[in-house]
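Novice: need a structure here:
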Amino acid sequence: MPWILEDTAGVIIFAEFFPLTESDLPHISAKLGWESSFDWSLYLQSNSIFTALKLVDSHGVIHGCLAYRKDQNNLFVELALVEKSPLHRRGVSYINIGKVLFACAYKISFDAGFDGFVVLTPKTNLIDYYERVYRAQFVGHIDHHPRYLLDPAIGKSLIMVYYRERM
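Specialist: Down below sits the predicted model:
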C-alpha cells in the first residue's frame, strides 16, 4: 500500500486509495460522524462526471474520501469533496490524513499531465487554512462560489513525503 499514514507517536502504517462504492456509504454516514451536508452518493451515480475514492488501510478502515474530476479542457483536477474520517477530526490518531487526501489529488493531476494543478471551492471557514498550507490562490468565482488553485509545488512535496511506489 503506497500511502504513508503517520500517528502522533511517529508510527506509520500504509493505506491505499480505492473506488468508493455504494456498499461503502453506510460506513461514511452522518450517523457515524461524517459530514451530514456531504452526499457521497451523488458521485457514485452513473451520470456523475466525478470519481470518488476512499483511503483504506490494510484492516479495511476508511480514513477519508475525495471526489474529483479531470478537467481536460482547462488541464486541472477539480476537487468536489474532501473529507477525513471522524476518527481524525479530534484527538486524532493519524495526523496527516488531510495532506494524504490532497496529495492524491495532486498525484492524479501530475499523472494526467496537468502539472499538478488542482482547483477547489473551499468552505469559507477553511479558506485561510488552504491559503496557508497549500498556498491556495483565488482564481475567480464560478456559480457565485470562490475558486482556488492549489500550489503544485506543495503537491510535489506532499507526494514525495507520503507516497511510495510499489516494489
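Novice: report the central residue of the protein.
Specialist: Central residue of the chain (C-alpha atoms, centre = their mean): Leu101, 3.2 Å from the mean position.
Novice: buried ones in whatever helix or strand that one lives in, by neighbour count?
Specialist: Following DSSP states H and E, one finds Leu101 within helix 97-111. Residues 97-110 are the ones in helix 97-111 that count as buried (16 or more other C-beta atoms under 10 Å). For every residue, glycine as well, the C-beta is placed using N, CA and C.
Novice: same question for stretch 43-57, mean pLDDT?
Specialist: Stretch 43-57 carries an average pLDDT of 96.
Novice: check which element follows the helix holding Leu101 along the chain.
Specialist: Per DSSP H and E, the first helix or strand lying C-terminal to helix 97-111 is strand 118-120.
Novice: which residue ranges form the helices in this structure?
Specialist: Ranges of helices in the chain, per DSSP state H, are 97-111, 127-133, 152-162.
Novice: picking up where we left off before, closest to Leu75 among the buried residues of helix 97-111?
Specialist: Proximity of these to Leu75 (C-beta to C-beta) peaks at Ser109, which lies at 8.6 Å.
Novice: which stretches of the protein have low pLDDT?
Specialist: In the predicted model, the chain carries pLDDT under 70 at residues 1, 90-92, 166-167.
Novice: give me that answer again for 50
Specialist: Counting by pLDDT under 50, the low-confidence segments of the chain come to 167.
Novice: wait, which of the helices of the chain is closest to Ser36?
Specialist: Nearest to Ser36 among those is helix 97-111; the distance by C-beta to C-beta comes to 19.1 Å.
Novice: what residues does the closest one touch?
Specialist: By C-beta atoms under 8 Å, 6 or more residues apart in numbering, the list of residues contacting helix 97-111 from outside reads 3-5, 15, 17, 53, 55, 63-66, 68, 70, 76-77, 79, 82, 84-85, 88, 115-118, 134, 150, 152, 154-156, 158-159, 161-163.
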